[in-house]
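S.K.: Provided below for reference: sequence and predicted model.
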Amino acid sequence: MSSATGIEQYQRESGLTRAARRAARRFAALPGLFTFTVDVEEHGCGSRARAQTGRLLDLLAAAGARGTFFVLDEVVRTDPRLVAAIARRGHEVASHGHTHRPLAAEGAARFRAGMEAARDRLADIAGAAPIGFRAPYFSLTPAATWAPEILTELGFAYSSSVLPAWNPLAGWPGAPRRPFLWPSGLLELPVPVARLGPARLPFLGGMYLRWLPPWRLRGLSARWAAEEAGGALWSYCHPYDLDRGETLVHRADAGALGSLMLWLNRGPTLPRLEGLLHGRRSEPFAARLAELRQAAPAWPA
Ligand SMILES: [Zn+2]
């Protein structure tokens, strides 16, 4: 018979840890359908993404959920078995680019050549050509509006690369907050943001999901539901957001304070993601595409 204590048994029956149950209440205002997305990339030196991606795959399996994994070409090249495992477990495999540089720094010519090769490599391993793309740092900004046309030519159907808010690295405060169609026909799925005073925060992702206090998550969830409900809801995280064993890595792109913030406070990620999945369905973008396209206006109009 079971040797579990009463508390352990209760937690197993309820299926959630106490932290995850608390987190689930913060997100209660959000709609019942979203897309759980992961940007699969290495953070510092060494290969740590595989173990943490495995934890995310287990989390999704336990929730009976499917998501979209945007895999950086570096990971596709160095760990093809990981990419195959993601596909085998029923998730959509999409591209996080051929290199982790902002699009504007990369330029159109290198982007086209690099993405063509990255697409073919991904297709070989995952068994189907990717139709989704996410720019490193959400760097589809006014300085990189050449990218949608190239992506369309390469067979991509959608992008989730625009952050419609101010951000120190990349951001496009004037961009639409709801899905829209680029002139090439590519569907754009902007990062969900909620208003906080004069700012807008991508509260369901990365550092924001890790650092925002619980009461703030609750408030931003309620505000998104009230003001942005016509948008496409999705979350994002990286393998390193869960990695509590990594040593501090100085990242030139993040600065000293940014590197410290990227390193600290990784504990809340998993229960918060678990809370988000609780009572909510996650479907890959590829499975929601027809519905999302239908409501998307052309932009610029
Ligand atoms: Zn990234």
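M.R.: Looks like it came in fine. Residues are numbered from 1 along each chain as shown.
S.K.: Quickly note the distance from whatever residue of the stretch 201-301 of the chain ends up closest to the ion to residue 113.
M.R.: Using Cβ to the ion, the closest approach of the stretch 201-301 of the chain to the ion is made by residue 238 at 6.4 Å. C-beta coordinates here come from the backbone N, C-alpha and C atoms, glycine included. Taking Cβ to Cβ, to the nearest Å as the measure, residue 238 and residue 113 are separated by 26 Å.
S.K.: ok, these two, which is more surrounded?
M.R.: residue 238 (24 against 12; other Cβ atoms under 10 Å).
S.K.: ok, and the closest non-adjacent residue to that one?
M.R.: Once flanking residues are discounted, residue 238 sits nearest to residue 39: 5.1 Å by Cβ to Cβ, 6 or more residues apart in numbering.
S.K.: and the residue of the chain found nearest the ion, backbone torsions?
M.R.: Here the chain gets closest to the ion at one residue, residue 39, 4.3 Å apart by Cβ to the ion. Backbone dihedrals for residue 39, given as degrees, to the nearest 10, come out at phi -100, psi 110.
S.K.: That one: neighbour count?
M.R.: Residue 39: 25 neighbours (other Cβ under 10 Å).
S.K.: Just confirm it contacts residue 241, I think it does.
M.R.: No: assessed by Cβ atoms under 8 Å, residue 39 is found out of contact with residue 241, at 9.5 Å.
S.K.: just to revisit the earlier point, how close does the residue of the chain closest to the ion sit to residue 282?
M.R.: Counting by Cβ to Cβ, the gap from residue 39 to residue 282 is 16 Å.
S.K.: end-to-end on stretch 241-255?
M.R.: 18 Å (Cα to Cα, to the nearest Å).
S.K.: ok, for residue 300, nearest residue in space, not its chain neighbours?
M.R.: The shortest distance from residue 300 to any non-neighbouring residue, by Cβ to Cβ, 6+ apart, is to residue 183 (7.8 Å).
S.K.: For the residue of the chain closest to the ion, report the pLDDT, please.
M.R.: On pLDDT, residue 39 comes in at 98.
S.K.: near the ion, which residues of the chain?
M.R.: Within the chain, the residues that sit near the ion (Cβ under 5 Å from the ion) are 39, 41, 136.
S.K.: which phi and psi does residue 151 have?
M.R.: phi -60, psi -40.
S.K.: I'd say it and residue 186 touch.
M.R.: Yes: with contact defined as Cβ under 8 Å, residue 151 and residue 186 form a contacting pair (5.6 Å).
S.K.: who's more crowded, the two?
M.R.: For residue 151 versus residue 186, the count of surrounding residues by other Cβ under 10 Å is larger for residue 151: 27 against 21.
S.K.: mind listing what the more buried one touches?
M.R.: 115, 133, 159, 184, 186 (Cβ atoms under 8 Å, 6 or more residues apart in numbering).
S.K.: what's the answer for residue 36, then?
M.R.: Per Cβ under 8 Å, 6+ apart, neighbours of residue 36: 60, 65-68, 234-235, 273, 276-277, 282.
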